[in-house]
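A.B. asks: Quick one: sequence and predicted model below, then my questions.
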Amino acid sequence: MNIDVHKFGGASLKDSLALKNVSNIIQQQSRPAIIVVSAMGKTTNALEKIVKSAFFKQDNPQTYLSQVTQYHSDIIQNAFENYSLAQEVEKNIQKYWKYIEQLISQPITMPYGQFYDQIVSVGELVSSIIVSEYLNTAGIYNIWIDVRKIIKTDSQWRAANVLMNESEKQFNDLLIPIIGENTLIITQGFIGSTANEYTTTLGREGSDYTAALMAYFANAQQLTIWKDVEGVLNADPRYFKNTQKLDEISYYDAIEMTYYGATVIHPKTIKPIQNKNIPLYVKSFLNPQNTGTIIHQPKEYKKITTYSFLPNQVLISLQSQDYSFFTESHIQQAFQIINDFNIKINLMQNTALNFSICITYDEVTTPMFIKELQKYFKVLFNENVSILNIRNYLPEIISYFTQDKEILLEQRTRNHIQLVIRDKK
């Protein structure tokens, strides 16, 4: 299909000026197109505060909700010059704020993950309505679509698995008939729904993945992800100096980089577009005229050195309770618990007596996960550790990055090294 897909993240929609900038970018794009948007600014973080406050009864969730609603109200009032139109937009999103208010004001009967998904998903729904209405006022007429009618998932709360066949059928049934030569569709990233219509989320930063699925279902010409950086860098500038922009990288390199912690793109994004050879452009919404980075299948493979850093990790080591060998049956039992808690393993290693994993610390899930492991194993763990990943490394590079660090665990292949490290005491 002759259609493009674009994804705009929260940073590109953080205020009224950003909203105008996005409108200008969309105005310049070819049609037809599907626009996938995230929640505005740091709304997801703010909604997470509401979830934790209400679920654990820590403080008043209504206070956090008021902050979120005021933030969006300010954007609307500043973005829409027509007062009555601004009031109409406020009215259109009011039902979502009331839905959250209803959830937090009554006894909670859902498990934490399900409760989380019902509330946090509101960010994308509200954002997409504001974007759609704003574009209409700028003469960029569009069709708003609730992506939950298309992206069907299982009930793995907070990291739902997409049911590809069902989702593609929904896409074909609902979107294909309405896509014409000049069609512009606005929809949400990050969210989907189960067969019984409960809202699910696809994992943090999952809007990239949604955009990739849309491109896959539509057989799109290309996918563009608009970021606040000039493209894909060989390292995260928050942790590494002298980073370099990569003009092009292969699908394979992109998959490897994201799997091992590069945060510029969601890890699941690449595979759907690779399967149909759809190029992915990562471009700056601050400088949209620049070329950015293209992820595709290049004619010539160039070996590049890339770095990623995962802070806030927990290194957990399991031993059998009778100190015997850690066998396949022990590993099977451990993985059952890992699956039950929907834990993503960033690194794992086993020896005769130990099975070690490194995971990202979550203040809700991790303590419960460790407590469950302790029922069946002797458990040792180190908090506040980090994982350093280097692809296509050289010995001097490793020495440079570990000179003031204690190495707790190391895994090395011909081209890739992973180190669990912490500051020396």
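C.D. replies: Sure thing, it's come through.
A.B. asks: show me where the stretch 1-150 of the chain has strands.
C.D. replies: Along the stretch 1-150 of the chain, counting by DSSP state E, counting those that start in this stretch, strands occupy 4-8, 33-37, 143-144.
A.B. asks: so which of those gets nearest Asn242?
C.D. replies: strand 4-8 (28.5 Å; Cβ to Cβ). Just so you know, the C-beta spots here come from the backbone N, C-alpha and C atoms, and that holds for glycine as well.
A.B. asks: Any figure for the gap between Gln336 and Gln403?
C.D. replies: 40 Å (Cβ to Cβ, to the nearest Å).
A.B. asks: about what we covered before: indicate which one of the strands of the stretch 1-150 of the chain is closest to Lys378.
C.D. replies: strand 4-8 (45.2 Å).
A.B. asks: returning to what we had before: the more surrounded of Gln336 and Gln403?
C.D. replies: Gln336 (11 against 8; other Cβ atoms under 10 Å).
A.B. asks: Ile294 and Lys283 touch, don't they?
C.D. replies: No - look at Ile294 against Lys283 with Cβ atoms under 8 Å: they stay out of range, at 9.6 Å.
A.B. asks: ok, back up a step: Ile304 is nearest to which of the strands of the stretch 1-150 of the chain?
C.D. replies: Within these, the stretch nearest Ile304 is strand 4-8; the backing value is 24.1 Å (Cβ to Cβ).
A.B. asks: Show me the contact partners of that closest one.
C.D. replies: 22, 26, 29-30, 32-38, 131, 189, 207-208, 210-211, 214-215, 218, 220-226, 285 (Cβ atoms under 8 Å, 6 or more residues apart in numbering).
A.B. asks: switch to 7 Å and redo it
C.D. replies: Here strand 4-8 makes contact (Cβ atoms under 7 Å, 6 or more residues apart in numbering) with 22, 29-30, 33-38, 189, 207-208, 211, 214-215, 218, 220-226, 285.
A.B. asks: Also stretch 417-424?
C.D. replies: Counting by Cβ under 7 Å, 6+ apart, residues outside stretch 417-424 touching it are 315, 347, 358, 384-390, 393, 398, 402, 404-411.
A.B. asks: List only buried entries from these.
C.D. replies: The neighbour-count test (16 or more other Cβ atoms under 10 Å) applied to these identifies 315, 347, 358, 385-390, 393, 398, 405, 408-409 as buried.
A.B. asks: Comparing Ile294 and Lys283, which residue is more hemmed in?
C.D. replies: The neighbour comparison of Ile294 against Lys283 (other Cβ under 10 Å) goes to Lys283, with 22 against 19.
A.B. asks: Would you mind measuring from Leu202 to Asp208?
C.D. replies: Distance from Leu202 to Asp208, by Cβ to Cβ: 9 Å.
A.B. asks: which residues of the stretch 51-200 of the chain fall in helices?
C.D. replies: For the stretch 51-200 of the chain, the helices defined by DSSP state H, counting those that start in this stretch cover 61-79, 83-104, 112-120, 122-137, 164-174.
A.B. asks: What residues of the second one count as buried?
C.D. replies: Just to be clear, that refers to helix 83-104. Under the neighbour-count criterion of 16+ other Cβ under 10 Å, helix 83-104 has Leu85, Ala86, Val89, Glu90, Asn92, Ile93, Tyr96, Trp97, Ile100, Leu103, Ile104 buried.
A.B. asks: For Ser121, state which of those is nearest.
C.D. replies: Taking Cβ to Cβ as the measure, Tyr96 is the one of those closest to Ser121, at 9.3 Å.
A.B. asks: Is it correct that the closest one is in contact with Leu125?
C.D. replies: Yes - with contacts counted by Cβ atoms under 7 Å, Tyr96 reaches Leu125, the gap being 5.7 Å.
A.B. asks: in the stretch 301-425 of the chain, which segments are predicted with low confidence?
C.D. replies: Counting by pLDDT under 70, the stretch 301-425 of the chain contains no low-confidence range.
A.B. asks: Mind doing that once more with 80?
C.D. replies: 301-302, 323, 425 (pLDDT under 80).
A.B. asks: Once you drop chain neighbours, what's closest to the residue nearest in space to the middle of the chain?
C.D. replies: For the chain, the residue nearest the mean C-alpha position is Glu205 (1.5 Å; Cα atoms, centre = their mean). Nearest residue to Glu205, sequence neighbours excluded (Cβ to Cβ, 6 or more residues apart in numbering): His266, at 4.7 Å.
A.B. asks: Asn60 too?
C.D. replies: Excluding its sequence neighbours, the residue lying closest to Asn60 (Cβ to Cβ, 6+ apart) is Ser53, at 6.9 Å.
A.B. asks: ok, the one you found to Leu103 distance?
C.D. replies: 12 Å.
A.B. asks: pLDDT weak spots in this protein?
C.D. replies: 261-264, 301-302, 323, 425.
A.B. asks: Just send the strands of the stretch 1-150 of the chain back as a markdown table, with distance to Asn290 too.
C.D. replies: Formatted as a markdown table, these follow (distance: least, Cβ to Cβ, whole Å):
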| stretch | distance to Asn290 |
| --- | --- |
| strand 4-8 | 16 |
| strand 33-37 | 20 |
| strand 143-144 | 30 |
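A.B. asks: Strands of the stretch 151-300 of the chain, start to end?
C.D. replies: 184-188, 191-193, 199-201, 222-227, 248-250, 280-284, 293-296.
A.B. asks: So for Asn165, which of those sits nearest?
C.D. replies: Taking Cβ to Cβ, strand 191-193 is the member of the strands of the stretch 151-300 of the chain nearest to Asn165, at 13.9 Å.
A.B. asks: Going by neighbour count, which residues of the closest one are buried?
C.D. replies: Ile191, Gly192, Ser193.
A.B. asks: Could you pull up the residues touching the first one?
C.D. replies: It refers to Ile191. Ile191 sits next to Ser121, Glu124, Val147, Arg148, Thr199, Thr200, Thr201 when contact means Cβ under 7 Å, 6+ apart.
A.B. asks: ok, now the last one?
C.D. replies: Contact criterion Cβ under 7 Å, 6+ apart gives Arg148, Lys152, Thr153, Thr199, Thr200 as the residues in contact with Ser193.
A.B. asks: Among those, which one is most surrounded by other residues?
C.D. replies: Busiest of the contacts of Ser193 [other Cβ under 10 Å] is Thr200, holding 28 neighbours.
A.B. asks: circling back: quick one: residues contacting the residue nearest to Asn60.
C.D. replies: Ser53 neighbours (Cβ under 7 Å, 6+ apart): Asp59, Asn60, Pro61, Tyr64.
A.B. asks: Just give the closest residue to the first one, not the sequence neighbours.
C.D. replies: What that stands for is Asp59. Nearest one to Asp59, counting by Cβ to Cβ, 6+ apart, is Ser53 at 5.4 Å.
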